[in-house]
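> here is a sequence together with a model predicted from it:
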Amino acid sequence: MAGEVSFSNMGTSIPVDNVQALAASIYDQGSTSVPPRYLRPEAKTTDPIASDGEKIEPPVIDFARLIDCRTSQEESAKLHNAFAGLGFVQLINHGVPDEVIEKLKADIIDFFNLPLEEKKAVAQLPNDLQGYGQAFVVSEDQKLDWGDMLFLMTRPLHIRNMRFWPTRPPTFRDTLSSYSVELKRVAATLFELIAKCLGIAPEELLDIFEDLPQGARFNYYPPSPKADEVLGLSPHSDATPGLTLLLQVNDVPGLQIKHQGKWFLVDPLPGAFLVNVGDMLEILSNGEYKSIEHRAIVNTRRERLSVAAFHFPKEDAVIGPLPGLVKEGKAKYKSENYRALMKAFYGSKLDGKSLVERLKLKLISSCKLTVISNTMAGEPSFQNMGTSIPVANVQALAASIADSSSIPPRYIRPEAKTDLVARADEGELPVIDFGRLLDPGFSQQESAKLHDACVEWGFFHLINHQVPEEVVEKMKADIADFFKLPLEERKKVAQLPNNIEGYGQAFVVSDEQKLDWADIIFLLTRPLHLRNMRFWPSQPLSFRLIFICFIPRLIKPEKKNRLLSCSFMHGTELTQGHALLLLYGDEESSRHFDGAHGQKTGG
Ligand SMILES: O=C(O)CCC(=O)C(=O)O
Ligand SMILES: [Fe+2]
């Protein structure tokens, strides 16, 4: 990207085929196949789709009741609960005149029906996401959505770039201007009421959304002969807005929202807007409101159109939990400059991950936070990090199955193959020399390498770390011995509810969640008072001792009481997996262990 990131300069998407034209040519040729870049096996396999009987209806909120002082409190409470739960509502009686909505629908249908060359007059250009084109494409291998879109910044007025505003149909510009004013009015009222619901002064929130920056995305999803194997719009949460007002242009359903691990099709009420919480509002509300993942599917016979009006924070806002909502200093999110957030989402350093993937990551991390805090009894601490649902022991499962066809479906991960794997010649993990880091003659140079490795890879090999070989070998031998013990013996240190220490499997939070092919043992090792010896294997006999008495003798006196190394080992073999967090002990630990457990630890 050239220069500062701003609403009108959010990064470049790689041009790809026009999907409407592609779909038309496929149907014209009587073909039923679509190019492989559009096929999305994960759409069906990674997350279950709710069956027809399992409907979800976002709560219906009556805008007229929201603004009537006699009913406002009651209706606002409904809105508050919906945003805190499903994250989506259907807004009726919003006061946007029917003619304005109908005119917008007619004009956008007319626009998409224009010949391709005419539409291309407002095509996306490098360094701008506005205009006619496709969803953010950042790599040549990225899977593609079965849809075209027109994105325009609509407010404040000085931000409009008329270069991208269609002149055909001739009424389009006026129609969109009227629609934009109407939606601004609705959104402004919603923000004011939301502030009241959250118990903060309206100015606190309204200041962040000053001038109510707004953008409109017109989505066009052509029919597809492989409708259930493509996706109109990839799973995403609305990352950069606070609130989205979504309009279904025709009566073809296709919006799916993710609820309790399943995709539910939403069939909105005619005339209603679907209003959903964006990531920015989730953060500002300190997680009280939820920005929910959603996606669009397509139809075999009919095209589908939708219009999303996003309401963004002002460009120079700082986004973080609003001070009034940070109870007892517990902010669930870091504060960040909105421009920096936009840059992270749309910036040129998207290195191979699609925009939506990045946004999803954010959401996943916030989901995890929520899940952990929901399942927790009492205060979170290292020893009380939530409960994992018990699942099968993978080592025993692996031993019992005859061939790969009998691996239970919960372990099968089609996405493991759909993400590209780098070839050996495509770069190597950096190697950092610990000895050089400590040597004044080389420290500066090696530290710079360390810095780059952390920025570019987030991973590196550490050599010459000065951890004595015997210690490492002993640790390897002991943990290998532990995993060879009979299952009953290993289970003596099994995970317990409300504690993720012990022997078991990685954190499992739902009955539908896909599972990892590994068992782990996780132990808190420091500070000493956190150790829960309940979970420390007593077999092999030397396992505990390696932390307690063997290591202190090997550590040079000046290095005592200093954390030397932390390693995480993860088995990847099909038959066995294990993980262990290993930290060094010192004399302090032997005393502690001695005192607490009355065992002789020796020298
Ligand atoms: O087409 C739809 O219903 C969803 C559109 C959407 O989620 C978006 O544009 O962000
Ligand atoms: Fe969306």
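Perfect, thanks for sending it. Ligands and ions are numbered 1, 2, ... in the order given.
> pLDDT weak spots in the stretch 301-450 of the chain?
Scanning the stretch 301-450 of the chain for pLDDT under 70 picks out 346-387, 417-421.
> for it, which residues are neighbours of ligand 1?
306, 308 (Cβ under 6 Å from any ligand atom). Glycine gets a C-beta too; all of them are placed from N, C-alpha and C.
> ok, which stretches of the stretch 301-450 of the chain are strands?
Using DSSP state E, counting those that start in this stretch, the strands of the stretch 301-450 of the chain run over residues 304-311, 318-319, 336-337, 431-433.
> adding mean neighbour count and distance to Leu487, write those out as JSON lines.
JSON lines is the format used below for the strands of the stretch 301-450 of the chain (neighbours: other Cβ atoms under 10 Å; distance: least, Cβ to Cβ, whole Å):
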{"stretch": "strand 304-311", "mean neighbour count": "23", "distance to Leu487": "52"}
{"stretch": "strand 318-319", "mean neighbour count": "18", "distance to Leu487": "49"}
{"stretch": "strand 336-337", "mean neighbour count": "14", "distance to Leu487": "46"}
{"stretch": "strand 431-433", "mean neighbour count": "17", "distance to Leu487": "38"}
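> the residue nearest to Leu269 when sequence neighbours are not counted bridge partners, please.
Among residues not flanking Leu269 along the chain, Gln90 sits closest, at 5.4 Å (Cβ to Cβ, 6 or more residues apart in numbering). The bridge-partner assignment for Gln90, based on DSSP bridges, gives Val60, Leu274.
> ok, now Ile521?
Following DSSP bridges, Ile521 is listed with bridge partners Tyr503.
> that one and Lys258: what is the separation?
To Lys258, Ile521 is 32 Å away according to Cβ to Cβ, to the nearest Å.
> quick one, which of the two is more surrounded?
Between Ile521 and Lys258, counted using other Cβ atoms under 10 Å, the more crowded position is Ile521 (22 against 19).
> so the more buried one touches Phe482, yeah?
Yes: with contact defined as Cβ atoms under 8 Å, Ile521 counts as touching Phe482 (7.2 Å).
> what residues does the stretch 1-150 of the chain put near ligand 1?
Counting by Cβ under 6 Å from any ligand atom, no residue of the stretch 1-150 of the chain is near ligand 1.
> closest residue of the stretch 1-150 of the chain to ligand 1?
Nearest to ligand 1 in the stretch 1-150 of the chain, going by Cβ to the nearest ligand atom, is Met149, at a distance of 7.4 Å.
> phi, psi for that residue please.
Dihedral pair for Met149: phi -150, psi 160, per degrees, to the nearest 10.
> contacting residues around the closest residue to it other than its chain neighbours?
Leaving aside its chain neighbours, Met149 sits nearest to Asn219 (5.1 Å; criterion: Cβ to Cβ, 6+ apart). When contacts are counted by Cβ atoms under 8 Å, 6 or more residues apart in numbering, Asn219 is found next to 147-149, 232-233, 296, 304-308.
> quick check: bridge partners of Asn219?
Beta bridges link Asn219 to Met149, Ser306 when assigned by DSSP bridges.
> for Ile432, name its beta-bridge partners.
Beta-bridge partners recorded for Ile432 (DSSP bridges): Leu462.
> was I right to think it contacts Ala448?
No: counting by Cβ under 8 Å, Ile432 sits too far from Ala448 to count as a contact (10.6 Å).
> how much space between the residue nearest to Met149 and Phe345?
Noted for Asn219: a distance of 18 Å to Phe345, by Cβ to Cβ.
> and if you look at Ala106?
Ala106 is 33 Å from Phe345, by Cβ to Cβ.
> the more surrounded of those two?
With neighbours defined as other Cβ under 10 Å, Ala106 and Phe345 compare such that Phe345 has more, 20 against 15.
> how much space separates the more buried one from ligand 1?
Per Cβ to the nearest ligand atom, to the nearest Å, Phe345 is found 13 Å from ligand 1.
> try His451
The gap separating His451 from ligand 1 is 37 Å, by Cβ to the nearest ligand atom.
> try Pro166
Taking Cβ to the nearest ligand atom, one finds Pro166 at 18 Å from ligand 1.
> wait, what's in contact with that residue?
Contacts of Pro166 (Cβ under 8 Å, 6+ apart): 111, 119, 121-122, 132, 150, 172-173.
> tell me how many other residues crowd the residue nearest to it when sequence neighbours are not counted.
Distances taken as Cβ to Cβ, 6+ apart place Phe172 nearest to Pro166, at 4.8 Å, with adjacent residues excluded. Other residues within reach of Phe172, judged by other Cβ under 10 Å, total 21.
> next one: the residue nearest to Leu255 when sequence neighbours are not counted, what pLDDT does it get?
Distances taken as Cβ to Cβ, 6+ apart place Val266 nearest to Leu255, at 4.8 Å, with adjacent residues excluded. Turning to Val266, the model gives it a pLDDT of 94.
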